[in-house]
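# Sequence below, structure please.
(chains A, B, C and D, ligands or ions: 2)
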Amino acid sequence: METSRRPIQGTTIFDGAQAMKGYALNKMCFSFNSAENRAAFAADEGAYCRRFDLSEAQIKAMRERDVLGLLALGGNIYYLAKFAGILGLNVQDVGALQTGMTVEAFKAKLLAAGGGNG
Amino acid sequence: METSRRPIQGTTIFDGAQAMKGYALNKMCFSFNSAENRAAFAADEGAYCRRFDLSEAQIKAMRERDVLGLLALGGNIYYLAKFAGILGLNVQDVGALQTGMTVEAFKAKLLAAGGGNG
Amino acid sequence: MAEVVGGLGTSHVPAIGGAIAKGLQQDPYWKPFFDGLPPIRSWLAENRPDAVIIFYNDHGLNFFLDKLPTFAVGAAPFYHNADEGWGLPVQAPFRGVPDLSWHVIEHLVEREFDITTCQEMLVDHAFALPLQLFWPDGDAPPAVPIAINTVQHPLPSISRCLKLGRAVGEALASWRGCKRVAVIASGGLSHQLDGERAGFINKAFDQQFLDELEANPDALSRYSIHDVVELAGTQGVELLTWVAMRGAVSASSKRRHVNYHVPISNTAACQLLLAP
Amino acid sequence: MAEVVGGLGTSHVPAIGGAIAKGLQQDPYWKPFFDGLPPIRSWLAENRPDAVIIFYNDHGLNFFLDKLPTFAVGAAPFYHNADEGWGLPVQAPFRGVPDLSWHVIEHLVEREFDITTCQEMLVDHAFALPLQLFWPDGDAPPAVPIAINTVQHPLPSISRCLKLGRAVGEALASWRGCKRVAVIASGGLSHQLDGERAGFINKAFDQQFLDELEANPDALSRYSIHDVVELAGTQGVELLTWVAMRGAVSASSKRRHVNYHVPISNTAACQLLLAP
Ligand SMILES: [Fe+3]
Ligand SMILES: [Fe+3]
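Residues are numbered from 1 along each chain as shown, chains lettered A, B, ... in the order given. Ligands and ions are numbered 1, 2, ... in the order given. Modelled structure (predicted):
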């Protein structure tokens, strides 16, 4: 694995190293494609996490809705988005959570990025 | 799909055309990796075939243990081998069935192919 | 000998599906995005493709990390949409063109593309939305889905995706089964959903990307995947589908229509029409 | 910088697993096959690889036609064997080398191989048998499985498989994690299980294949996959794994041991050791 890549601010590349760390976590989130599994998770989050062999650190980050923590522990945003779906969060809510902004401020930042649209 | 390939005697290439014909049949045979599914098939072959949406021709060929017929209907030998496993047939029995030989004669043919081993 | 009538690109933010379901096309937030569609629909009405190739990326519906292909080609008679976990309405099954799929698969393997072949394949919003947007009456032509890995690095390079597109274009040129094929790219442009840099958008890069995609796509190969992440965001790598689409249409194609709007959700949204 | 200590090839007829389970190694039917193993075991005892790459083909255990990869690379800490439907004893899990897997994956994608990455992967008799045969005491080193599609045409060409092997060899040359790696091919040689031609074996072709594999593997590219089916049988296409193995070991490798015996079950069985 390439470990010498130049860092990109605020960005984790989901590569082999992350994929190894996060396999169980991502597998659990992948299971959330099924309504039945989402209900089972909602009914007992801790038990569901343990059924998928998550690490204690991952279970804690799940419990605390700590998105940055989940990413650091190998979570992939494409699968984590299904967890966000359970929580009723859209990608802007998740963006605000990760950047420490209010949702309004996060939306304003996105609008500003389009300044001079056309 | 290439349809102009030169024919090889006694040989069907499992290509896209065959794969399309045989998808349901091969999917059923793939399910025979599980002992539970093998038992369900043995308990009611016809119902099991219908559950996998096999065509009537495929169901008939299954019922008649018509290996050449199953190949012509899109069966792939790697998956059909799992059906043979249920029947307690090894690859030499299946070879004899397809060539119209006795198992003894089929084995003798194989031995002859090695003539002057070394 | 099929003719490639042109290439289309569109963003596929899941929220677009929600907006369609709720009929929000004229809502002030959505209007600038949906206003990009009529010119494309008129062009399609005139050019009537009878099949489409769709380059897209799966977001964890059909593929998981146990079997993650770099390039996957569908070869099914129907492709089913399904629950992705966010409450989007599940779409009716989409028609495939298995004969064309196998023709493309034969050609790609001959040209040393090591594809994964999918005779059964769930398709997510990234496949469904372009068809819903471009054919809102539900009369989209049948499709061949080609999924490109954008989930787990290493991703295929820009150069590899351009070659993939060109090989698909060659396959279409030698296809006798239907006469007119459109090629669709689904994804991008710049956006980043994850990390402290979530919300990153790079309008200058997107504009330059669109210019080079039209005029000189080979030049884009100077960007490594790491560069693309830096310049377009972690999910901006979806522009690989646009590169593949560009490869499949004729080299002389020009931009006939473009609509670029920031933001839709967290994304720099774009629709593009390239045609000879 | 890992050293590729050598390449090994062996047939993997499922019945061999039954013979091992029943202790039939000295039975007159099996003895000519098992007698080929001691020289390979001695060489392994001297050369002590600390990891192996195994090129093999899945027979419908891990992969089905819904997602059938041309080339699949395992990246799991353990690989589980499972019921294949024929009553073979299920083997204990095999250790993987995920760091090496990812190193190989990074290199292959950079070299434009469009692999499927498998972080979880059931391995069938074709993966298990070489390890059981070469390390009968169960002390096989950990492995990186690389599966090549031999099930559904189009298959990758001989040339493509040789390039795959060479790219794996390059990846090993730049690997710092372990010192000595052996490369294993599992499959072949000539055999055909299906059709009126079932039982087809071609000893003359096999011998010529072994000669060219050693001395001039590029020359084998003159055979199309259709030629291989004709000359080696429908399942003789498993020789693609031998071609990939040949690519991964040093070009100057020579045949140090070979045992060719017809028949085991329906197959022309062979064990081979190539080393510098
Ligand atoms: Fe997306
Ligand atoms: Fe085999």
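# Quickly list what residue C:10 is bridged to.
residue C:186, residue C:271 (DSSP bridges).
# Tell me where the longest helix sits in the chain.
Just so you know, I chose chain A. helix A:16-31 (DSSP state H).
# should've been chain C
Per DSSP H, chain C has its longest helix at helix C:158-173.
# Please state the mean pLDDT value computed over it.
For helix C:158-173, mean pLDDT rounds to 98.
# and that helix, is it in reach of chain B?
No - Helix C:158-173 lies apart from chain B when judged by C-beta under 8 Å from any C-beta of the partner chain; the minimum separation is 11.4 Å. Backbone N, C-alpha and C define where each C-beta goes, glycine included.
# which parts of that helix are buried?
C:158-172 (16 or more other C-beta atoms under 10 Å in any protein chain shown).
# Could you give the separation of the longest helix of chain A from the chain centroid?
Distance of helix A:16-31 from the chain centroid (C-alpha atoms, centre = their mean, to the nearest Å) equals 11 Å.
# Now do the helices in the chain.
Because you didn't say which chain, this covers chain A. With DSSP H as the criterion, chain A has helices spanning A:16-31, A:35-43, A:45-51, A:56-63, A:67-72, A:77-86, A:91-99, A:103-113.
# You answered for a different chain; I wanted chain C.
Listed in chain order (using DSSP H), the helices of chain C are C:14-22, C:31-34, C:38-47, C:98-110, C:125-134, C:158-173, C:203-215, C:225-232, C:239-248.
# quick one, what contacts residue A:50?
For residue A:50, the contacting residues are residue A:59, by C-beta atoms under 8 Å, 6 or more residues apart in numbering or on different chains.
# What is the burial count for residue A:35?
11 (other C-beta atoms under 10 Å in any protein chain shown).
# oh, I was asking about residue C:43
Neighbours around residue C:43, by other C-beta under 10 Å: 18.
# can you check residue C:11 too?
28.
# nearest residue to it other than its sequence neighbours?
Spatially, and ignoring its direct neighbours in sequence, residue C:11 is nearest to residue C:269 (4.2 Å; C-beta to C-beta, 6 or more residues apart in numbering or on different chains).
# quick revisit: orientation of the longest helix of chain A relative to helix A:56-63 in degrees?
50 degrees (axes from the mean of the first three to the mean of the last three C-alpha atoms, to 10 degrees).
# List the contacts of the closest residue to residue A:97 other than its chain neighbours.
Nearest residue to residue A:97, sequence neighbours excluded (C-beta to C-beta, 6+ apart): residue A:67, at 5.3 Å. Residues in contact with residue A:67 (C-beta under 8 Å, 6+ apart) are A:75, A:80, A:84, A:94, A:97-98, C:194.
# Next: residue C:79.
C:93-94, C:96, C:121-123, C:127, C:143, C:145.
# Cross-check those residues against chain B and keep the overlap.
Of the contacts of residue C:79, not one also sits near chain B (C-beta under 8 Å from any C-beta).
# Find the pair from the residues you listed with maximum spatial separation.
Spatially, the most separated pair among these is C:122 and C:143, at 13.9 Å (C-beta to C-beta).
# How about the residues of the stretch 1-150 of chain C by chain D?
Counting by C-beta under 8 Å from any C-beta, the stretch 1-150 of chain C sits next to chain D at C:63, C:65-72, C:105-106, C:109-110, C:112-121.
# Name the nearest residue to residue C:15, sequence neighbours excluded.
residue C:265 (4.7 Å).
# how far away is whichever residue of chain A sits closest to chain D from chain B?
Nearest residue of chain A to chain D, counting by C-beta to the nearest C-beta: residue A:16, 3.2 Å away. According to C-beta to the nearest C-beta, to the nearest Å, residue A:16 stands 29 Å off from chain B.
# ok, that residue - how many residues close by?
23.
# which residues touch it?
A:1, C:153, D:75, D:98, D:101-102, D:105-106.
# What score does the nearest residue to residue C:47 once chain neighbours are set aside have for pLDDT?
Using C-beta to C-beta, 6+ apart and skipping the chain neighbours, the partner closest in space to residue C:47 is residue C:5 (4.5 Å). Looking at residue C:5, its pLDDT stands at 97.
# close enough to count as contact, residue C:5 and residue C:180?
Yes - with contacts counted by C-beta atoms under 8 Å, residue C:5 reaches residue C:180, the gap being 5.0 Å.
# Out of the two, name the residue with the larger neighbour count.
For residue C:5 and residue C:180, the more surrounded residue by other C-beta under 10 Å is residue C:5, and the numbers stand at 23 against 16.
# Now do the contacts for that one.
Residue C:5 touches C:47, C:49, C:180-182, C:275, counting by C-beta under 8 Å, 6+ apart.
# Strands - which of those land there?
Judged by DSSP state E, the subset of those located in strands is C:180-182, C:275.
# Can I get those residues in JSON lines including pLDDT and distance to chain B?
Shown next, in JSON lines, are these (pLDDT from 0 to 100; distance: C-beta to the nearest C-beta, whole Å):
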{"residue": "C:180", "pLDDT": "96", "distance to chain B": "20"}
{"residue": "C:181", "pLDDT": "98", "distance to chain B": "17"}
{"residue": "C:182", "pLDDT": "98", "distance to chain B": "22"}
{"residue": "C:275", "pLDDT": "97", "distance to chain B": "29"}
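# Reformat the residues you listed into a markdown table and put distance to chain D next to each item.
Output for the ones in strands among the contacts of residue C:5, formatted as a markdown table (distance: C-beta to the nearest C-beta, whole Å):
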| residue | distance to chain D |
| --- | --- |
| C:180 | 26 |
| C:181 | 21 |
| C:182 | 24 |
| C:275 | 28 |
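# Quick check, pLDDT for the closest residue in space to residue A:73 that isn't next to it in sequence.
Nearest in space to residue A:73, with sequence neighbours left out and distances taken as C-beta to C-beta, 6+ apart, is residue A:58 at 5.0 Å. The score at residue A:58 is 98. That number is its pLDDT.
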